[in-house]
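> need coordinates for the following:
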Amino acid sequence: MNLAADTWSSYVAKWAAEYSIRRLWLGFAPDPGTRALLALFHELLEPLFAGREPQVATVKLAWWVDELPRILDGSGQHPLCQALAADSRSQRLDSTQWQAPARAAMHALQRDTPTDFTVQRRAAERLLEPFARLDTWFHFGTGVNFARSRAVAGLLFLGQELAHLPQRLEQACLPLPMQSLARHSLSREDLAGHSAAREAALREYFLDLMQAYEQCEQLAGPLNACWKAEAWQDHYL
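Next up is the predicted model:
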């Protein structure tokens, strides 16, 4: 499929630009609905990484709360909503389920730095639960177990938080837990530059992520091919 031919192609391109594995994956995923859904998730989560003022991010996400239910009757204004409205699988979800990811992202704007990795992981899974439900039921059918999808999506989110570390330093919630910062005597300012303590904290954090990814293999439920590829790349790196 020629991305340039679609009015929503720029949103898919922006999503794909985040990771090289996504650009590779697009070559194997001609399905417009899948592309539009993943690009939509990017638009909803992007305010959490962009370092914007919370008020600006709140206004943007509130607009999405009103816009997303319009997918069901085809009256949406956003190109991604119009693309999803053209896919019959969108009717598997109701208006509340379409709104839930935007509402979860709005709530996450108020989050604080977590105490430890376990608390952080649980918070990420709560945030990504409506995304995982939407993705799983869109692709595999209503009522399908989305436990694995929720866990993997949460870990991918934590990896993205680290990837956006410079922007995150200006926000209240830091991507490394407080216990890790205290154990390595790191301040917010210390995270901005390289140091032995910072590298040690990151290595420790990467080990936690690797173990968590391995635990996901034991969970029930399907996983979309893109998230599976991203999880593989995260674990490998």
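
> low-confidence bits of this structure, can you list those?
1-6, 51-52 (pLDDT under 70).

> how about the spatially most central residue of it, secondary structure?
Geometric centre of the chain, nearest residue: residue 157, 4.8 Å, by CA atoms, centre = their mean. Three-state call for residue 157 (DSSP: H, G, I helix; E, B strand; the rest coil): helix.

> you'd agree it is up against residue 126?
No. Counting by CB atoms under 8 Å, residue 157 stays clear of residue 126, with 10.8 Å between them. All C-beta atoms are positioned from the backbone trio N, CA, C, and that covers glycine.

> who touches residue 130 in this structure?
97, 100, 101, 103, 104 (CB atoms under 8 Å, 6 or more residues apart in numbering).

> leaving out the residues flanking it, which one is nearest to it?
Residue nearest to residue 130 in three dimensions, not counting chain neighbours: residue 100, with 3.4 Å by CB to CB, 6 or more residues apart in numbering.

> next, count neighbours for that neighbour.
A count of nearby residues for residue 100, using other CB atoms under 10 Å, gives 19.

> show me what the one helix or strand it maps to is packed up against.
Of the helices and strands defined by DSSP states H and E, residue 100 is found in helix 95-108. Helices and strands touching helix 95-108, by 3 or more CB pairs under 8 Å, 6 or more residues apart in numbering; DSSP states H and E, are helix 32-49, helix 54-67, helix 117-140.

> counting by contacts, list what the next helix or strand after the second one packs against.
Translated: helix 54-67. Moving toward the C-terminus from helix 54-67, the next helix or strand (DSSP H and E) is helix 79-85. Judged by 3+ CB pairs under 8 Å, 6+ apart, the packing partners of helix 79-85 are helix 32-49.

> the helix it packs on vs helix 54-67, what angle?
Angle, helix 32-49 to helix 54-67, by axes from the mean of the first three to the mean of the last three CA atoms, to 10 degrees: 160 degrees.

> so what's the residue count around the nearest residue to residue 98 once chain neighbours are set aside?
Distances taken as CB to CB, 6+ apart place residue 68 nearest to residue 98, at 4.2 Å, with adjacent residues excluded. Applying other CB under 10 Å, we find 27 residues neighbouring residue 68.

> wait, what's in contact with residue 68?
By CB under 8 Å, 6+ apart, the contact set of residue 68 is 76, 81, 95, 98, 99, 101, 102.

> how does it look with 7 Å?
81, 98, 99, 102 (CB atoms under 7 Å, 6 or more residues apart in numbering).

> from those residues, pick the one nearest residue 111.
residue 102 (15.7 Å; CB to CB).

> and that closest one, how many neighbours does it have?
23.
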